[in-house]
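> Here is my input; please provide its structure:
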Amino acid sequence: MPQTPGTEESLSGHSGELAVAVARAHGVETMFTLSGAHVFPMYDGAVKAEPPMRLLDVRHEQTAAFAAEATGKLTRVPGLAVLTAGPGVTNGLSAVAQAQFAGSPMVVVGGRAPAARWGSGSLQEIDQPPILAPITKQARTLHTADDVLDGVHDAFVAAGSPHRGPTFIDIPLDEFFNNGSGTLRAGTRNKGDEPDGDAITEIAGLLAAASRPVLVLGTDVWADGAEEAALRFVESAGIPTITNGMGRGLVPGGHPLLVTRARGQALGGSDLVIVVGTPLDFRLGYGVFGGDDDSSPARVVHVADSPGQVSRHADLAASVSGDLTSVLDGMLTALERVDRKPDWSSWVTDLQASVKVATEKDAALLAAEADPIHPARIYGELVPRLAEDSVVIGDGGDFVSFAGKFVEPRRPGGWLDPGPYGCLGAGLGSAIAARIARPSAQVVLLLGDGAAGFSLMDVDTLVRHDLPVVMVMGNNSAWGLEKGPMQMLYGYDVAADLAQQTRYDEVVKALGGAGETVTDPRQIGPALDRAFAANAPYLVNVITDVEAAYPRKTFGN
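Reported below is the predicted structural model:
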């Protein structure tokens, strides 16, 4: 039952009822799960809640956990996964790790062997919190039913407070069925701290002195609810900007200050890079920028939502942490107060010219008539068909890398990818979450044929729960992200080939969905139109050229 902020009420019931009441107080509307007797009380609590909580059951626990992780990303309310004891919990580990790396708020409630039999060899008896501890903000056992109200509340608060991430609790089977009581507190999440004003002033001074600054906006800007402040800063300061992760869409696709398509020139030729809301990891050269043409490397500023997220390995000119809206608005105010107003117009013009050249160059690939199909042609047909409110999900290696190049969301919160953990198999769970979180939006899942093998069975879940999703597959019959690099290193490849031109659309049809295979580039557009019109889980299985690999300069090392 939703609560008014600041209210408390006494509550009693079995542990499942209490846990569901806490989740509802924190804004949870859907429980993602796969049936298991250790967590039956959670189902009973969901069914008997007023109103009942939606139960979304899947075919593999990883999908339940990935759906909860994506729900946290999309709604900024912690997603809830309920996993039965033992293998149910361990099957969800990759999704939990992804949430930790991506800063996704989620709560996992696990079953646990009964306390009264602990140490006797009960079914699926394993001490789970020590396994989860390295990849969560908090992992603990709630030993009695009376611990549930406070324990679950604390898990939700921790998951949703900066820096966001996953939390885990388990409850022994015998205590899950027992009655407990206590105080149900209103759902709450802590905001980030107020940032250091002197640090903000220092950053504004660096920015005012820069000739070629670049701003990088990442996932935590969206997660922190700072999307309006981010766009306000970009436009008022006039700073060229690159986005990554769920930062995509913060500056709408086509905006004159969005220079992601000139990323190499922007980061290579900059003299100051301000990175907001994303780690300085392999995706950003570990925080080393500039230095083109034997010039000095760029100075680097790192802005994070909490102190622990500020880079410890990079050579920083300045840093600040805290509530990102306050940071961005504070930087803008401080910049407006500087004596010397910066003029970056020539730098911006140069980058815009490069964006135009790149866009014109891309046009040939996007319209390629090659046989076999070049994967870029798929995006040439898909991008014009994407609605402004579309949610695009990437689950794949090479094929999804092309998406990162060609898909520029027009709104924030419309792009989902695995983040820095780089985990395959999240796609179906993310699609389930997106369809529920954005019921009227287009939901498009981009699948590599390799990635599809991890979760395609959960098309059954889409069908059973009436969740129409358009799935677009780049099927090159290989692990493309590994095949090319292995050939480059050794002159040959092994364990990189899949069965040729597998009819994954027939798998989707067998599970109750619809789909088709496309081998002619001219038929991609019509197939997508049929998919969007179908109002069903629909797979467009496009056979692509394995030799048309995404050009990359790093393999994540």
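> who's in contact with residue 470?
442-445, 528, 531-532, 538, 540 (C-beta atoms under 8 Å, 6 or more residues apart in numbering). To be clear about C-beta, it is placed using only N, CA and C from the backbone, and glycine gets the same treatment.
> strands paired with whichever strand or helix holds residue 170, and their directions?
Using DSSP states H and E, residue 170 sits within strand 166-172. Paired with strand 166-172 in the same sheet, following DSSP bridges, are strand 106-112 (parallel), strand 138-141 (parallel).
> Quick check: what element follows it along the chain?
Next in sequence after strand 166-172, counting helices and strands by DSSP H and E, comes helix 173-177.
> Name the next helix or strand downstream of that following helix, please.
Downstream of helix 173-177, the next assigned helix or strand under DSSP H and E is strand 179-185.
> what about the next helix or strand after that next one, distance to the chain center?
Next along the chain after strand 179-185, taking DSSP H and E as the criterion, comes helix 197-209. Mean-position distance between helix 197-209 and its chain equals 31 Å (C-alpha atoms, centre = their mean, to the nearest Å).
> do the same with stretch 119-129
That offset, for stretch 119-129, works out to 32 Å (C-alpha atoms, centre = their mean).
> Could you pull out the buried residues of that stretch?
For stretch 119-129, the neighbour count (16 or more other C-beta atoms under 10 Å) marks 122, 124, 128-129 as buried.
> Show only the entries of these found in helices.
Among the buried residues of stretch 119-129, DSSP state H puts residue 129 in helices.
> which of the buried residues of stretch 119-129 lies closest to residue 34?
residue 124 (13.6 Å; C-beta to C-beta).
> For the nearest residue to residue 181 once chain neighbours are set aside, what is the enclosing helix or strand?
Leaving aside its sequence neighbours, residue 181 sits nearest to residue 12 (C-beta to C-beta, 6 or more residues apart in numbering; 3.8 Å). Using DSSP H and E, residue 12 sits in strand 8-14.
> From the contact counts, what lies against that strand?
Here strand 8-14 touches helix 15-25, helix 40-48, strand 179-185, going by 3 or more C-beta pairs under 8 Å, 6 or more residues apart in numbering; DSSP states H and E.
> Pull the number of nearby residues for residue 421.
Residue 421 has 15 neighbouring residues, counting by other C-beta atoms under 10 Å.
> Tell me how far the residue nearest to it when sequence neighbours are not counted lies from residue 309.
Leaving aside its chain neighbours, residue 421 sits nearest to residue 101 (3.9 Å; criterion: C-beta to C-beta, 6+ apart). Separation of residue 101 from residue 309 (C-beta to C-beta, to the nearest Å): 12 Å.
> Over to residue 185?
Distance, residue 185 to residue 309, by C-beta to C-beta: 27 Å.
> Also residue 11?
As judged by C-beta to C-beta, residue 11 and residue 309 stand 35 Å apart.
> cool, and residue 235?
Distance, residue 235 to residue 309, by C-beta to C-beta: 26 Å.
> if you count what's nearby, which of the two comes out ahead?
Neighbours per residue (other C-beta under 10 Å) separate residue 235 from residue 309, with residue 309 holding more: 18 against 15.
> mind listing what that one touches?
Residues near residue 309 by C-beta under 8 Å, 6+ apart: 163, 220, 279, 321.
> try residue 420
101-102, 279, 281-283.
> Got a ChimeraX select line for the buried ones in these?
In ChimeraX, this line selects whichever of the contacts of residue 420 come out buried by 16+ other C-beta under 10 Å:
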select :101,102,279,281,283
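> Show me which pair in the contacts of residue 420 is furthest apart.
Pairwise over those, using C-beta to C-beta, the maximum falls at 102 and 282, 14.4 Å.
> can you pull the buried residues of stretch 258-274?
By neighbour count on 16+ other C-beta under 10 Å, the buried set for stretch 258-274 is 258-263, 265-274.
> Which residue ranges of the stretch 451-557 of the chain form helices?
Ranges of helices in the stretch 451-557 of the chain, per DSSP state H, counting those that start in this stretch, are 459-464, 480-490, 504-510, 524-534.
> Comparing these, which comes out most buried?
Ranked by mean neighbour count, the helices of the stretch 451-557 of the chain are led by helix 459-464 with a mean of 22 (mean count of other C-beta atoms under 10 Å).
> That one: how far from the chain's middle?
Centre to centre, stretch against its chain (C-alpha atoms, centre = their mean), the figure for helix 459-464 is 22 Å.
> same deal with stretch 180-200?
23 Å.
> Nearest to residue 197 among the contacts of residue 309?
Nearest to residue 197 out of these is residue 321 (C-beta to C-beta; 12.9 Å).
> For residue 356, see how far away the closest residue to residue 193 other than its chain neighbours is.
Excluding the flanking residues, the one nearest residue 193 by C-beta to C-beta, 6+ apart is residue 322, at 4.5 Å. Residue 322 is 37 Å from residue 356, where distance means C-beta to C-beta.
> circling back to that earlier point, reformat the contacts of residue 470 as CSV; add pLDDT and distance to residue 457.
Putting the contacts of residue 470 into CSV (pLDDT from 0 to 100; distance: C-beta to C-beta, whole Å) gives the following:
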residue, pLDDT, distance to residue 457
442, 97, 24
443, 98, 19
444, 98, 20
445, 98, 14
528, 98, 24
531, 98, 20
532, 98, 24
538, 98, 17
540, 98, 19
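> Quick one: low-confidence residue ranges for the stretch 301-450 of the chain.
Low-confidence regions of the stretch 301-450 of the chain, defined here as pLDDT under 70, do not occur.
> Strands of that one, residue ranges please.
For the stretch 301-450 of the chain, strands defined by DSSP state E, counting those that start in this stretch occupy the ranges 318-321, 391-395, 415-416, 443-448.
> The shortest one - which strands sit beside it in the sheet, and in what orientation?
Strands that pair with strand 415-416, judged by DSSP bridges, come out as strand 391-395 (parallel).
> need the contact list for residue 159.
Contact partners of residue 159, counting by C-beta under 8 Å, 6+ apart, are 72, 78, 105-107, 137, 165-167.
> Residue 81 is in contact with residue 91, correct?
No. Counting by C-beta atoms under 8 Å, residue 91 does not reach residue 81; the two are 10.5 Å apart.
> Between the two, which is the more surrounded one?
Under the neighbour definition other C-beta under 10 Å, residue 91 and residue 81 were set side by side, and residue 81 has more, 34 against 18.
> I'd guessed that one sits against residue 106; true?
Yes. With contact defined as C-beta under 8 Å, residue 81 reaches residue 106; the gap is 6.6 Å.
> follow-up on the earlier one: drop anything exposed from the contacts of residue 159.
Using 16+ other C-beta under 10 Å as the burial test, these include 72, 78, 105-107, 137, 165-167 as buried.
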